[in-house]
Every structure is written in C-alpha cells, then in structure tokens.
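Engineer: With the input below, show me the fold.
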Amino acid sequence: MSEADDAFSRASYGEPSSELAAAAICRQSQLDFDIAFYDAILECDPEYVDVLRCQGELLSRKGLHGRALTIDRRLAGLLPGDPVVHYNLACSLAMGGLEEESLAALVAALEAGYDDFEHLEFDKDLDGLRANPAFHALLRRFAADL
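Structural biologist: The predicted model follows:
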C-alpha cells in the first residue's frame, strides 16, 4: 500500500486528519495517482477492459513491467481477437525476457490483423527479440515490405 493510500485509509476511518491524506496525495506524481486510481476501480471490477488498457499502459510507463504483464495477460484472455492487446502482450513478454511466449503473442497479433509494421520495426519494447532469427522470419512472413 502506498503512503497516500495508507494516509487516505486512516483519514477515511476517522484516524489522523484528512489534511494528512490530502498532503500525501499531493506528494504523489500524476502517474502514481492514476495507477492507484485505476487499481481501486479494478478492485471493484477486475474485468473493466477500458481501465485495464489504461492501467497496462501506465504500469509500463512507470517501469512496473511485471504488473503490466499481468494486465496484458488478463486482457488477452478477455479479448482474444484484439490485435493491439496481443501486440502489447508481446511487448511485455519481450521486456520480461520471455522470447518464445513473446513471439507467439506477436504471431497472434499479426494473425489478428496488427499491421503497424513501421512501429513494430522500431519499438524498443521488442529489442529483446531483435537478435532472434525467428523474429526476422516472422517479419518477412507478414510484411514483405520491411
């Protein structure tokens, strides 16, 4: 639990003043505030797809790749035909060093219609795959133009 969450919880139950909670929240970065906000929503509705999408992006931006991967896996289960969801999952897996799973997710993204090959070619999230010959074979298979 973050300092702001803890302070907010104490203040909500009549413990130390609400000024303490407000001060703790004010010290948070916008990114931390947004992550905590979406965490609270997901506690109530763990399958809220729009919030999951936002939360996955925020967690990645914050560098919380393990948590982002958990979100991306959940989204892939909820939206099995969504090419962007599978692309994001491939990125999270690649950043976690899970090359084979990442390649499989990338295949799923491409087969579902992901076609932003310019982005795919330069996306730093996929740098962990660039030395893998299977990655280049996959690109040749789906985008002869590259």
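Engineer: Using the three-state scheme, assign the nearest residue to Gly97 once chain neighbours are set aside.
Structural biologist: Of all residues not flanking Gly97 in the chain, Gly128 sits nearest, at 6.2 Å (C-beta to C-beta, 6 or more residues apart in numbering). Yep, even glycine has a C-beta here, placed from its N, CA and C like the rest. Under DSSP: H, G, I helix; E, B strand; the rest coil, Gly128 falls in the helix class.
Engineer: List the residues that contact the residue most central in space within the chain.
Structural biologist: Nearest residue to the geometric centre of the chain (C-alpha atoms, centre = their mean): Gly56, 2.5 Å. By C-beta atoms under 8 Å, 6 or more residues apart in numbering, Gly56 lies in contact with 68, 71-72, 75, 88, 92.
Engineer: so where's this protein shaky on pLDDT?
Structural biologist: Across the chain, the ranges flagged by pLDDT under 70 are 1-17, 20-26, 144-146.
Engineer: Would you map the helices across this structure?
Structural biologist: 3-12, 18-27, 30-44, 49-62, 65-78, 83-95, 99-111, 117-122, 133-142 (DSSP state H).
Engineer: mind listing what's buried in the shortest one?
Structural biologist: When you say that, I think you mean helix 117-122. Residues Leu120 are the ones in helix 117-122 that count as buried (16 or more other C-beta atoms under 10 Å).
Engineer: by contact count, what packs against it?
Structural biologist: Contacts defined by 3 or more C-beta pairs under 8 Å, 6 or more residues apart in numbering; DSSP states H and E place helix 117-122 against helix 133-142.
Engineer: what does the helix it packs on contact?
Structural biologist: 103, 106-107, 110, 117, 120-121, 126, 129, 146.
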